[in-house]
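Asker: Okay, here's the prediction I keep looking at, along with the sequence it came from:
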Amino acid sequence: MSMIHKTLQQVRSALGYNQEQMAELLGVSRPTYSEIEKGKGEITISSLERLADKTGISINSLLTQEDFRVEAVNQEALNKYKNMLLYAVHCGAENDGRITKTKLAKLLYLADFGWFYKHLNSMSGLTYRRLPYGPVPDQYFRALDELINDHQLTMSQGEAHLIKAIEKAPPTHGLSKEEQVLIKDICKKWKGKNTKDIVDFTHDQLPWKLCKNNELIPYELIIQEDPEYVY
């Protein structure tokens, strides 16, 4: 793991974290993390597993840096994405108000790429990566953590990671009427469908099929889909 300290510096910089936040993500103390980032300390496999879970980057890619690049955080785009996320939770949750973390990520992907299909620009401005359960931006995990820490969402610790909004009314700030309509339409289509259904749908789309694992996905690939297969 001799080069892992450089990888950690790159990931931390891209996510916009300070050393204390990165240490919390890895489950270690800040002094311990500081030594690891300097190349003077060792990182455990369990800490790497936590990092992989939060970023979606495989442990092998973290260790070898093969097919590995993290997009630098854009605060304005991250804030917009958090607004989309909150709105999608309200619109896409089932009758008990809960939605799985994976299904929520797919609804946001469909909203971003569906918006690009119509307007040739993404709704959030973030870049998506091809991960095992479908496309997500690197900032998805940070956005969730921040919304949970800000007491806007809760997430269960079970295998499904069920997410629920704390406020009863969906927030509309930061989203245009047309953006709200698209998110609502997508959520309505997938309401009542299980997570596997939407995962299979996104895996059957060209953006997934034409990219490799951990590769950043060009939005332009969605334009080749027929309208009924966009979302």
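Answerer: Thanks, I have it.

Asker: all contacts plus neighbour counts: C-alpha atoms, from now on.
Answerer: Fine.

Asker: most centrally placed residue in this structure?
Answerer: For the chain, the residue sitting closest to the mean C-alpha position, by C-alpha atoms, centre = their mean, is Tyr140 at 2.4 Å.

Asker: just checking, next helix/strand downstream of the helix or strand where Phe201 lies?
Answerer: Here Phe201 sits within helix 195-203, counting by DSSP states H and E. Under the assignment DSSP H and E, the closest C-terminal helix or strand after helix 195-203 is helix 206-209.

Asker: got the buried residues for that following helix?
Answerer: Leu206, Pro207, Trp208 (16 or more other C-alpha atoms under 10 Å).

Asker: Show residues contacting it.
Answerer: The contact list for helix 206-209, computed with C-alpha atoms under 8 Å, 6 or more residues apart in numbering, reads Arg130, Gly134, Pro135, Thr202, His203, Ile217, Pro218, Tyr219, Leu221, Ile222, Gln224, Glu225.

Asker: Same question for stretch 211-218.
Answerer: 57-58, 67-68, 127-132, 135, 207-208.

Asker: Out of the buried residues of helix 206-209, which is nearest to Glu37?
Answerer: Within these, proximity to Glu37 (C-alpha to C-alpha) peaks at Trp208, which comes in at 33.3 Å.

Asker: any idea of the mean pLDDT for stretch 179-193?
Answerer: For stretch 179-193, mean pLDDT is 97.

Asker: Only the buried subset of the contacts of stretch 211-218, as a ChimeraX command please.
Answerer: Here is the ChimeraX command that selects only those of the contacts of stretch 211-218 that count as buried (16+ other C-alpha under 10 Å):
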select :57,58,68,127,128,129,130,131,135,207,208
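
Asker: Of the contacts of stretch 211-218, which belong to helices?
Answerer: Within the contacts of stretch 211-218, residues falling in helices by DSSP state H are Pro207, Trp208.

Asker: Between which two of the contacts of stretch 211-218 is the distance greatest?
Answerer: Ser58 and Pro207 (19.5 Å).

Asker: ok, the residue of the chain positioned farthest from its centre - contacts?
Answerer: Distance from the centre of the chain peaks at Lys40, with 31.1 Å (C-alpha atoms, centre = their mean). With contact taken as C-alpha under 8 Å, 6+ apart, Lys40 is in contact with no other residue.

Asker: show me where pLDDT drops low in the protein?
Answerer: 1-2, 56, 65-73, 159 (pLDDT under 70).

Asker: three-state assignment of the residue farthest from the centre of the chain?
Answerer: At Lys40 the chain is in coil, as set by DSSP: H, G, I helix; E, B strand; the rest coil.

Asker: who are the neighbours in contact with the closest residue to Lys188 other than its chain neighbours?
Answerer: Excluding its sequence neighbours, the residue lying closest to Lys188 (C-alpha to C-alpha, 6 or more residues apart in numbering) is Gly92, at 7.0 Å. If you count contacts by C-alpha under 8 Å, 6+ apart, Gly92 has them with Ile99, Leu104, Leu107, Lys184, Cys187, Lys188, Trp190, Lys191.

Asker: From Gly125, how far out is Gly92?
Answerer: Applying C-alpha to C-alpha, to the nearest Å, the value for Gly92 to Gly125 is 21 Å.

Asker: same thing with Tyr133?
Answerer: Taking C-alpha to C-alpha, one finds Tyr133 at 21 Å from Gly125.

Asker: what do you get for Gln139?
Answerer: Taking C-alpha to C-alpha, one finds Gln139 at 11 Å from Gly125.
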